[in-house]
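Peer 1: with the sequence up front, the predicted model follows.
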Amino acid sequence: MKRIIGLIFAIICISSSCFAAGGQKDIGVVLIGSSEYKEDHMISVMVEIMKAENPSGVVMHVGADEQSKYQEFWFTKGKLDADNPTPQNFLEYVNYTGYDKVLFLVVKDPVVDTKKEGLFGTVESKRVSVEIKGYLVGHEKLIGSYTSVNEDDSRQSELRARRGALKKSIKYIHEKSKNDYIL
């Protein structure tokens with residue numbers, strides 16, 4: 001009787017772990033834009049946001065390794081860099097990686113405004129506006145498209161304002177696309 005109960009318990013454990021593994025969704029995340037957004041401190045902002053608070057069963061593949069994988073993809077196509085990727089390129093990349101879906105974050109060139117403040121304009125304030133278009137792509141089609149335009153200010157540096165605007169935009173797109181990860 002103990003053996004039968006043990007056998008039933010083992011079958012239940014094995015079948016539930018197989019079901020859980022089959023339900024896992026692998027989502028890649030690639031940042032496409034100028035080199036200033038591919039620096040380590042900018043990529044770490046993206047990793048911090050994309051790894052937090054995901055639906056159950058979703059594994060996010062994001063960071064420098066994913067950026068390198070994207071470069072390798074273009075190298076296999078005979079190019080050193082992605083000029084203007086097409087929707088077909090996005091579909092090919094999803095199949096290249098083997099992920100269930102890939103979220104492509106396309107960053108437009110930022111708009112930077114400088115404003116002088118204080119007595120006789122002694123303090124400069126930087127305002128940076130960043131636009132990101134996100135495309136969640138599966139093996140056969142576009143699953144979702146998202147756009148975010150955010151800005152941030154800094155009296156200390158343009159880089160800080162740029163990072164703040166990037167963070168807000170990525171966070172917005174991540175929140176909007178979360179439910180589409182599990183489709």
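Peer 2: That came in fine, so what should we check first?
Peer 1: and the strands in the chain?
Peer 2: For the chain, the strands defined by DSSP state E occupy 25-32, 58-61, 101-107, 111-117, 123-137, 142-154.
Peer 1: can you lay out those as JSON lines showing mean neighbour count and mean pLDDT?
Peer 2: Any C-beta I mention is one placed from the backbone N, CA and C, and that applies to glycine too. Formatted as JSON lines, those follow (neighbours: other C-beta atoms under 10 Å; pLDDT from 0 to 100):
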{"stretch": "strand 25-32", "mean neighbour count": "21", "mean pLDDT": "96"}
{"stretch": "strand 58-61", "mean neighbour count": "17", "mean pLDDT": "95"}
{"stretch": "strand 101-107", "mean neighbour count": "23", "mean pLDDT": "97"}
{"stretch": "strand 111-117", "mean neighbour count": "11", "mean pLDDT": "83"}
{"stretch": "strand 123-137", "mean neighbour count": "19", "mean pLDDT": "93"}
{"stretch": "strand 142-154", "mean neighbour count": "17", "mean pLDDT": "96"}
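Peer 1: wait, which of the ones you listed is closest to Lys77?
Peer 2: Set against Lys77 and scored by C-beta to C-beta, those come closest in strand 25-32, at 14.8 Å.
Peer 1: what lines up beside that closest one in the sheet?
Peer 2: Note on strand 25-32: by DSSP bridges, its sheet partners are strand 58-61 (parallel), strand 101-107 (parallel).
Peer 1: so which of those is nearest Leu31?
Peer 2: Nearest of the strands paired with strand 25-32 to Leu31, taken as C-beta to C-beta: strand 101-107 at 4.9 Å.
Peer 1: how far off centre is that closest one?
Peer 2: Taking C-alpha atoms, centre = their mean, to the nearest Å, one finds strand 101-107 lying 6 Å from the centre of the chain it belongs to.
Peer 1: ok, now stretch 91-110?
Peer 2: When distances are taken as C-alpha atoms, centre = their mean, stretch 91-110 is centred 9 Å away from the chain's centroid.
Peer 1: then stretch 81-99?
Peer 2: 14 Å.
Peer 1: for it, buried residues please.
Peer 2: Judged by neighbour count using 16 or more other C-beta atoms under 10 Å, the buried positions of stretch 81-99 are 82, 85, 89-94, 96-97, 99.
Peer 1: now do the contacts for Arg162.
Peer 2: Taking C-beta atoms under 8 Å, 6 or more residues apart in numbering, we find Arg162 in contact with 36, 110, 112, 128, 130, 152.
Peer 1: determine the longest helix present in the protein.
Peer 2: Scanning the chain for the helix with the most residues, using DSSP state H, yields helix 158-181.
Peer 1: dump the C-alpha coordinates for it into PDB.
Peer 2: C-alpha atoms of helix 158-181 as PDB (Å, rounded to 0.1, in the frame of the first residue of the first chain):
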ATOM      1  CA  GLU A 158      22.200  65.300 -19.600                       C
ATOM      2  CA  LEU A 159      23.100  61.700 -19.000                       C
ATOM      3  CA  ARG A 160      21.000  61.500 -15.800                       C
ATOM      4  CA  ALA A 161      18.000  63.100 -17.600                       C
ATOM      5  CA  ARG A 162      18.500  60.600 -20.500                       C
ATOM      6  CA  ARG A 163      18.600  57.600 -18.200                       C
ATOM      7  CA  GLY A 164      15.500  58.800 -16.300                       C
ATOM      8  CA  ALA A 165      13.500  59.300 -19.500                       C
ATOM      9  CA  LEU A 166      14.600  55.900 -20.800                       C
ATOM     10  CA  LYS A 167      13.600  54.300 -17.500                       C
ATOM     11  CA  LYS A 168      10.100  55.800 -17.600                       C
ATOM     12  CA  SER A 169       9.500  54.700 -21.200                       C
ATOM     13  CA  ILE A 170      10.700  51.100 -20.700                       C
ATOM     14  CA  LYS A 171       8.600  50.800 -17.600                       C
ATOM     15  CA  TYR A 172       5.500  52.000 -19.500                       C
ATOM     16  CA  ILE A 173       6.100  49.600 -22.300                       C
ATOM     17  CA  HIS A 174       6.800  46.700 -19.900                       C
ATOM     18  CA  GLU A 175       3.500  47.400 -18.100                       C
ATOM     19  CA  LYS A 176       1.500  47.600 -21.300                       C
ATOM     20  CA  SER A 177       3.100  44.400 -22.800                       C
ATOM     21  CA  LYS A 178       3.000  42.100 -19.700                       C
ATOM     22  CA  ASN A 179      -0.300  40.500 -20.500                       C
ATOM     23  CA  ASP A 180       0.800  39.700 -24.100                       C
ATOM     24  CA  TYR A 181       3.800  37.700 -22.800                       C
END
